[in-house]
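Enquirer: Got a predicted structure plus its sequence, pasted below:
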Amino acid sequence: MGARRTEKMEEVKTAIEKDGGQAVHRKTDVTVREEVIDLVKFAETTFGPVDIFVHNVGVFYYSLMKNLHLDEWDKLVDVNCKGFLNGIAAILDSMVKRKRGHILIISSDSGKKSDPGCSVYTGSKFFVEGVVRGLRREVSTHNVRVTSIQPGEVDTEIFTYSKTDPEAEELYGSFPPNFKILEPIDVAKAVVYAVSQPDHVAVNELLIQPKDAPIIY
Ligand SMILES: NC(=O)c1ccc[n+]([C@@H]2O[C@H](COP(=O)([O-])OP(=O)(O)OC[C@H]3O[C@@H](n4cnc5c(N)ncnc54)[C@H](OP(=O)(O)O)[C@@H]3O)[C@@H](O)[C@H]2O)c1
């Protein structure tokens with residue numbers, strides 16, 4: 001695991017070990033390319049070559065473009081676009097050379113549709129989806145699979161900081177919505193499904209939304 005808060009990763013490690021698994025973590029900021037490369041090296045020296053790489057990190061802000069929350073735009077590009085590329089840069093060479101690997105990106109249903117108040121976030125996820133489509137075609141011949149998982153709203157910490165513009169909420173409603181949204185385990189199960197398929201199967205995309213969310217393209 002890599003993230004910035006060591007204490008949170010320690011909690012996850014403890015839970016995994018309680019279930020009989022093994023886990024290690026390293027403080028990593030995805031916007032710093034060297035730190036992502038170090039994370040992969042650390043995993044390799046601890047457990048051996050990395051066969052499954054899940055790129056989960058992403059930030060979200062709910063604000064109107066006309067209100068010019070420029071620092072949020074920067075973060076969305078730095079973390080969701082450049083951070084994602086840093087992950088690919090850290091893992092791809094080893095997988096291609098070994099002709100073995102599976103990259104999973106936690107993208108979003110915002111990579112398929114656009115909602116007001118989420119425009120720059122949507123742009124960052126369209127970026128991810130665009131890169132993934134080309135990447136998948138390039139590396140499938142090297143026996144590397146690329147899965148994009150596209151959740152709708154999930155009940156996570158993302159909503160503790162993302163509502164930065166009351167005008168967006170007034171105009172377009174609250175985020176998260178009032179109906180029952182996904183739990184993190186629903187997304188985790190999708191990862192397990194994608195990585196547990198036989199060799200001839202590629203789960204390329206998985207769109208998972210709350211049942212009561214309208215599917216709008
Ligand atoms: N929640 C939703 O409704 C929803 C819907 C669709 C898609 N998604 C996507 O799901 C993914 C996960 O989102 P989430 O809802 O779980 O968000 P979250 O609760 O805010 O968690 C984000 C995770 O990323 C880590 N992180 C944030 N910035 C980082 C950085 N610069 N470097 C390294 N790690 C960083 C955080 O740990 P630290 O803070 O310790 O670094 C945390 O573990 C994102 O790609 C998001 O776009 C979420």
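Expert: Okay, I see it. Numbers count the residues shown, from 1 in each chain.

Enquirer: how close does the closest residue to Q22 other than its chain neighbours get to L182?
Expert: Spatially, and ignoring its direct neighbours in sequence, Q22 is nearest to I16 (7.2 Å; C-beta to C-beta, 6 or more residues apart in numbering). C-beta here means a position set from N, CA and C on the backbone, and glycine is covered the same way. Going from I16 to L182 by C-beta to C-beta, to the nearest Å gives 21 Å.

Enquirer: More neighbours: these two, which one.
Expert: L182 (20 against 14; other C-beta atoms under 10 Å).

Enquirer: Was I right to think L64 contacts D165?
Expert: Yes - using C-beta atoms under 8 Å, L64 is in contact with D165, at 5.7 Å.

Enquirer: list residues touching both of those two?
Expert: G117 (C-beta atoms under 8 Å, 6 or more residues apart in numbering).

Enquirer: Those two: who's more crowded?
Expert: D165 (19 against 15).

Enquirer: how much space between the more buried one and Y61?
Expert: Taken as C-beta to C-beta, the span from D165 to Y61 is 8 Å.

Enquirer: Now the common contact residues for those two.
Expert: H69.

Enquirer: give me every residue that touches the residue in the chain positioned nearest to the ligand.
Expert: Nearest residue of the chain to the ligand, counting by C-beta to the nearest ligand atom: G58, 2.2 Å away. By C-beta under 8 Å, 6+ apart, G58 lies in contact with 79-80, 106, 108, 124-125.

Enquirer: cool, S124 as well?
Expert: 58, 76-77, 80-81.

Enquirer: and the two most separated of the residues you listed?
Expert: Longest distance between any two of these is 11.7 Å, between G58 and V77; criterion C-beta to C-beta.

Enquirer: can you tell me the helix or strand for the residue nearest to Q22?
Expert: helix 6-18 (DSSP states H and E).

Enquirer: Let me know the pLDDT of E72.
Expert: pLDDT recorded at E72 is 98.

Enquirer: Now do the biggest strand by length in the chain: which elements does it pack against?
Expert: When the chain is scanned for its longest strand (criterion: DSSP state E), the result is strand 144-151. Packing contacts for strand 144-151, counted by 3 or more C-beta pairs under 8 Å, 6 or more residues apart in numbering; DSSP states H and E, involve helix 84-98, strand 101-106, helix 119-139, helix 184-195, strand 205-208.

Enquirer: swap the cut-off to 6 Å and go again
Expert: strand 101-106, helix 119-139, helix 184-195, strand 205-208 (3 or more C-beta pairs under 6 Å, 6 or more residues apart in numbering; DSSP states H and E).

Enquirer: Mean pLDDT and distance to V40 for those - can I get that in a markdown table?
Expert: A markdown table is the format used below for those (pLDDT from 0 to 100; distance: least, C-beta to C-beta, whole Å):
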| stretch | mean pLDDT | distance to V40 |
| --- | --- | --- |
| strand 101-106 | 98 | 12 |
| helix 119-139 | 98 | 16 |
| helix 184-195 | 98 | 17 |
| strand 205-208 | 96 | 24 |
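
Enquirer: Sweet, I'm off.
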